[in-house]
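*Asks:* what follows is a predicted protein model with its sequence.
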Amino acid sequence: MMLLFLLVMIVVMFVVFWTIIRHAPPPEPLGEAVIDWEAAADERVQEFIEQGKTMYAIALYRGLTDVDERTAREVIEFLTENRDFIKTKKRKGFYDSSNAGLRDLVEAGQIDEAVETYRKFAGVDEYTARDAIAELERSVHGK
């Protein structure tokens, strides 16, 4: 009798557990909107990811963004699995190029020097710097 009772209890618990699991909402995937791309592109964060120091990358990302540990871990895991993804995100320059002497470089035809100067001062990648200088070149030459 006792064995039958235990068997029935195990079956009931299994059915209840299975019902709960089946009706639980699936976890939401990590969306791009959650990721702070400036913090994700931080050289130190990228360096930790390259070195396989995930915990350091998570801690640094949390410090830069003030997000909870779970979100930071999901972001770093996403960046670790998709290392080239960060390279496709362009960072916006924070430097106003109007007084940087870039206009003079563009007028003199020194485009590569203008790109390098903009890249260094604005803290952006070369692709973004080239876009900014091309826009400046269009405004200088009226194209």
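*Replies:* Perfect, I can see it now.
*Asks:* report the mean confidence score over the top helix by length along the chain.
*Replies:* Under DSSP state H, the helix in the chain containing the largest number of residues is helix 2-23. Averaging pLDDT along helix 2-23 gives 82.
*Asks:* got it, and stretch 41-56?
*Replies:* pLDDT averaged over stretch 41-56 gives 91.
*Asks:* just stretch 133-143 next, same as before
*Replies:* 80.
*Asks:* let me see the domain layout of this protein.
*Replies:* Taking automatic domain parsing as the domain assignment, the ranges for the chain are 32-88, 97-141.
*Asks:* would you format those domains as TSV with mean neighbour count and distance to residue 8 included?
*Replies:* Bear in mind the C-beta positions are built from the backbone N, C-alpha and C, glycine included. Formatted as TSV, these follow (neighbours: other C-beta atoms under 10 Å; distance: least, C-beta to C-beta, whole Å):
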stretch	mean neighbour count	distance to residue 8
domain 32-88	15	39
domain 97-141	16	65
